[in-house]
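> Have a look; sequence and predicted model below, questions after that.
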Amino acid sequence: MATPAKNTICLWYDRGADEAARFYAATFPNSSVGAVLRAPGDFPSGKKGDVLTVEFTVMGIPCLGLNGGSAFKHSEAFSFQVATADQAETDRYWNAIVGNGGQESECGWCKDKWGLSWQITPLALTEAIADSDPAAAKRAFDAMMTMRKIDIATIEAARRG
């Protein structure tokens, strides 16, 4: 048996942790699905033999998906922030999440179909709002505040003034 990670993010799903893990592994680099544990007996949100937990990695981060039922929901208080290199990568991740039953939110945030929040954040945005020129940073920030998916060209144009 492999030694488990010392610290693993446990994500509670109503159901579908295994489907979510497969989606993340197919969508993001350095992501994979590991061990799937089936319940040895009935439990409040499932039956003997149902998937109880699934180990997976998202971009190198070890996670455990728990099919715990409807008692708890994901919220924006937790999100994965994905730094993207360019517009093509930004579009690819955003479109994969939103196009697979997810939903758009504001300022580069979206939710997958299981309710988990993602921040698809181009490096150009981070650099622009950290600009040493406060006016340039504010222009970029103000442009971001009007967006759902981040448009790098618009951010860069706003930064330049």
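Arrived safely. Since this is a predicted model, take the numbers as computed values, not measurements.
> Tell me the spacing between the closest residue to residue 17 other than its chain neighbours and residue 21.
Leaving out its chain neighbours, the residue that sits closest to residue 17 by Cβ to Cβ, 6 or more residues apart in numbering is residue 65, at 2.9 Å. Glycine gets a C-beta too; all of them are placed from N, C-alpha and C. Counting by Cβ to Cβ, to the nearest Å, the gap from residue 65 to residue 21 is 5 Å.
> which residues do those two both contact?
Common contact partners of residue 65 and residue 21 (Cβ atoms under 8 Å, 6 or more residues apart in numbering): 54, 56.
> list the buried ones in the top helix by length along the chain?
Using DSSP state H to define each element, the chain has its longest helix at helix 87-99. Buried positions in helix 87-99, judged by neighbour count with 16 or more other Cβ atoms under 10 Å: 90-91, 93-94, 96-98.
> helix, strand or coil for the residue most central in space within the chain?
The chain has residue 118 as the residue nearest its centroid, 3.4 Å off, counting by Cα atoms, centre = their mean. Secondary structure, DSSP: H, G, I helix; E, B strand; the rest coil: residue 118 is strand.
> ok, what's across the strand from it?
residue 80, residue 110 (DSSP bridges).
> Can you verify my assumption that it contacts residue 79?
Yes - between residue 118 and residue 79 there is a contact under Cβ atoms under 8 Å: 6.0 Å.
> anything in contact with each of those two?
residue 109.
> CA atoms only for stretch 76-89, dumped as CSV, please.
Presented in CSV, the C-alpha positions along stretch 76-89 are these (Å, rounded to 0.1, in the frame of the first residue of the first chain):
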residue,chain,number,x,y,z
GLU,A,76,-16.6,30.2,-2.7
ALA,A,77,-14.7,30.1,0.7
PHE,A,78,-12.7,27.4,-1.0
SER,A,79,-11.5,27.5,-4.6
PHE,A,80,-8.7,26.2,-6.8
GLN,A,81,-6.7,29.1,-8.3
VAL,A,82,-5.2,28.1,-11.6
ALA,A,83,-2.5,30.5,-13.0
THR,A,84,-2.6,30.5,-16.8
ALA,A,85,0.1,31.6,-19.2
ASP,A,86,-2.0,33.0,-22.0
GLN,A,87,-5.5,33.5,-23.4
ALA,A,88,-5.6,30.1,-25.0
GLU,A,89,-4.9,28.3,-21.7
